[in-house]
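> Sequence first, predicted model second:
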Amino acid sequence: MFKSILTAALAGITLFAGSVFTPAVAQSQSEAACNGGDAEACFYTGAEYAQGSGVAEDKQKAVTFFLKACDMGIPDGCSTSGYLTSRGEGNIVEDDVKATTYYERACKMGHEDGCNWGLGALLAQSPRDAARIKTLIVEGCNAGSTYACKWGAGALFDGSENKYPELIDHELGGPVAEKSCEIDWQAYGCYFAEVIYGNPDAPTFNAEKSLTYTNIGCSFDQAQSCSNLGGIYVSIEDYDFALRSYEKACTLGLEASCDYAKSLSGWMEEVAAYEQRMAEMNATMNSLIGSGAYGQAVNTAIYTYGSTDMVAKAVTAASNAGRMSDISTQDLYVVAYWFPSGPVRGAADREMAARGTGLEGTFGEGTNTAGAADARYRAQYGSSMPSSSSSSYSSSSPSKPVLSAAEASAQTKARYRTAHCTMNGNPDWPVCR
C-alpha cells in the first residue's frame, strides 16, 4: 500500500514540476492525525508534501514526516526518505550517507527495497565496511526480508561467487542460509546450509542440520547432495540408505556415484552371502551341540568349516558339559595346534593329559618348533594339519566420497548416527542400536 503511495508521490513530482501550485490549505489534511500519533497519517502527510497535494510542495518537510512514520513502525517512510535524499529531490540536498542510513533502518524492519538499496549503497562504498554489510544482512533477514536472506546467504557463503570475499562468514551465514532455504526450498540457500553445516572440520559442523539440508538437496534432485548423503550413510554403516542415495545421484548424472553404488552393492551382496553362510553354520553347530554330539560338532567345525570360531564354540560346549572325552585324539591335536593359548587350548591340554598323550602344554617335547607339530601330525595321520580361518567377515568396507579427514572420526560418526536415528524416529533400526 505504501509503495503505491510512494509511486504516486514520485509521479506527482513530475506532474507538477512545470506548473506553479497554490495550495488550498496551509496544512496537509493528514497532518493533524499524524501529530495525534497516527503512523499511517504521517506517511500520507509526507506523500502530500512530496507531491504538493493540497499543500505547497516541500520535500524536506516530506522527509520529516516520512521519518516520523518510520519511527512509528512504517519502514516505507525510511526507504522513501532514503530515495529522495539520495537523488537530492526538490529542496533536499543530495546526501548519500544519510540516504544509506535511512535504507538501513528500513531494511532492519524487513523492507525489501530498503535491503536492496541499502546493501547496494554499502557495496558501492570504497572501502567497503564488511562488518556493517554483514550486520545489515543478518538483521534484514531476521526481520523478514527475502532479499537480505537470499542474496545474503550467497554473500556470506562465498562472497557472491568471490565478488566480495571479505563478506565470507559461515558462522553468520548458516542461519541466514537456513532462512533462505525456508523461503525457497529449491534456492541455493539449502545448498549453502548443507555445506556450512556438513564440514566436520569447521566450527559450524552440525550433524542434524547437515543431514536435514543434505536430504532437502537430494529430494530436489541435486546430484551432489545425494552423493554426499550416501557418504554420510556409509560412514554410519546404514548401507541401505547409502545405496539408495548413490543410485539416485547416479541417475541424476553424477558418474562417480555410479561407481560408488556398484561397489557398495557388490559389497552388500558379499556380506549377505557371508551372513547366510554363518546362519547355516550356526544352525548346524547348534543342532549338533544341542543333541549332545560334541565330538561330531568339533570334527565338523574342523574339517567342514575350518573355522576357529566354530571349534571354540564346540570345545567350550563340550568342556562345560564334561564331555571332552567325546572328542577324538586326532581332533584334539588340531585344536591344540590351532589355539596356541587360552581357554580352548587349556581344555584340549587337560583332555590330552588325561589320555596320557604327552602332547599337552608344549605340544610334545621337541615338537614345538616351527613346522614340527605339522610334521608329527603328518607322520601319524598321513596328511598335513587342516588349515584354519576366522569366521568373521574380512572384506574392507565399501568406498565412499571423502568429505574430509575428520569425517571418519568416531565422534563425527556418532553425531551423524544420533542425528539419523533421532530424525527418522527409528531407534530400533540395527544401525541405531
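Noted; the coordinates are in hand. Numbers count the residues shown, from 1 in each chain.

> going forward, measure contacts and count neighbours with C-alpha atoms only.
Fine.

> Point out where the chain drops to low pLDDT.
1-28, 186, 357-385, 390-408, 424-431, 433 (pLDDT under 70).

> the longest helix in it is where?
helix 255-290 (DSSP state H).

> Give me the helices and strands touching that helix, please.
helix 239-251, helix 294-300, helix 308-320 (3 or more CA pairs under 8 Å, 6 or more residues apart in numbering; DSSP states H and E).

> list the buried ones in it?
257-265, 267-268, 278, 281, 285, 288-289 (16 or more other CA atoms under 10 Å).

> Check stretch 150-164 too.
For stretch 150-164, by 16+ other CA under 10 Å, it's K150, W151, G152, A153, G154, A155, L156, F157, D158, G159, S160.

> Export those as a markdown table, with columns for distance to P175 and secondary structure.
Formatted as a markdown table, the buried residues of stretch 150-164 follow (distance: CA to CA, whole Å; DSSP: H, G, I helix; E, B strand; the rest coil):
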| residue | distance to P175 | secondary structure |
| --- | --- | --- |
| K150 | 11 | helix |
| W151 | 13 | helix |
| G152 | 11 | helix |
| A153 | 9 | helix |
| G154 | 12 | helix |
| A155 | 13 | helix |
| L156 | 10 | helix |
| F157 | 11 | helix |
| D158 | 15 | helix |
| G159 | 16 | helix |
| S160 | 17 | helix |
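
> Dump those residues into a markdown table; add distance to S307 as well.
A markdown table is the format used below for the buried residues of stretch 150-164 (distance: CA to CA, whole Å):
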| residue | distance to S307 |
| --- | --- |
| K150 | 61 |
| W151 | 63 |
| G152 | 62 |
| A153 | 58 |
| G154 | 58 |
| A155 | 61 |
| L156 | 59 |
| F157 | 55 |
| D158 | 56 |
| G159 | 60 |
| S160 | 61 |
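
> Which single one of the residues you listed is nearest to E166?
G159 (6.9 Å; CA to CA).

> Run a quick neighbour tally on the nearest residue to the closest one once chain neighbours are set aside.
Distances taken as CA to CA, 6 or more residues apart in numbering place P165 nearest to G159, at 4.5 Å, with adjacent residues excluded. Number of residues near P165 (other CA atoms under 10 Å) recorded here: 15.

> shouldn't P165 be in contact with G154?
No: contact criterion CA atoms under 8 Å: P165 and G154 do not qualify, at 10.8 Å.

> Tell me who's in contact with A419.
A207, E208, L211 (CA atoms under 8 Å, 6 or more residues apart in numbering).

> Look up how far C107 lies from Y44.
Separation of Y44 from C107 (CA to CA, to the nearest Å) stands at 21 Å.

> Give me the more crowded residue out of those two.
Between Y44 and C107, counted using other CA under 10 Å, the more crowded position is C107 (32 against 26).

> Number of residues surrounding L211?
23.

> Also the one 3 residues further on?
Using other CA under 10 Å, the number of residues around T214 comes to 28.

> Repeat that for V315.
27.

> mind starting the numbering at 414 from now?
In the new count, where the first residue is 414, that last one comes out as V728.

> was I right about it contacting G735?
No: V728 lies out of contact with G735 (CA under 8 Å); the separation is 10.3 Å.

> Which parts of the stretch 414-563 of the chain are strands?
Counting by DSSP state E, counting those that start in this stretch, one finds no strands in the stretch 414-563 of the chain.

> in it, which spans are helices?
For the stretch 414-563 of the chain, the helices defined by DSSP state H, counting those that start in this stretch occupy 415-429, 444-448, 452-464, 472-484, 488-500, 509-520, 525-537, 543-555, 559-575.

> Show me what the second one is packed up against.
Taking 3+ CA pairs under 8 Å, 6+ apart as the contact definition, the neighbouring helices and strands of helix 444-448 are helix 452-464.

> For the helix it packs on, name the packing helices and strands.
helix 415-429, helix 444-448, helix 472-484.

> what do you get if the cut-off is 10 Å, keeping everything else the same?
Applying 3 or more CA pairs under 10 Å, 6 or more residues apart in numbering; DSSP states H and E, we find helix 452-464 packed against helix 415-429, helix 444-448, helix 472-484, helix 488-500.
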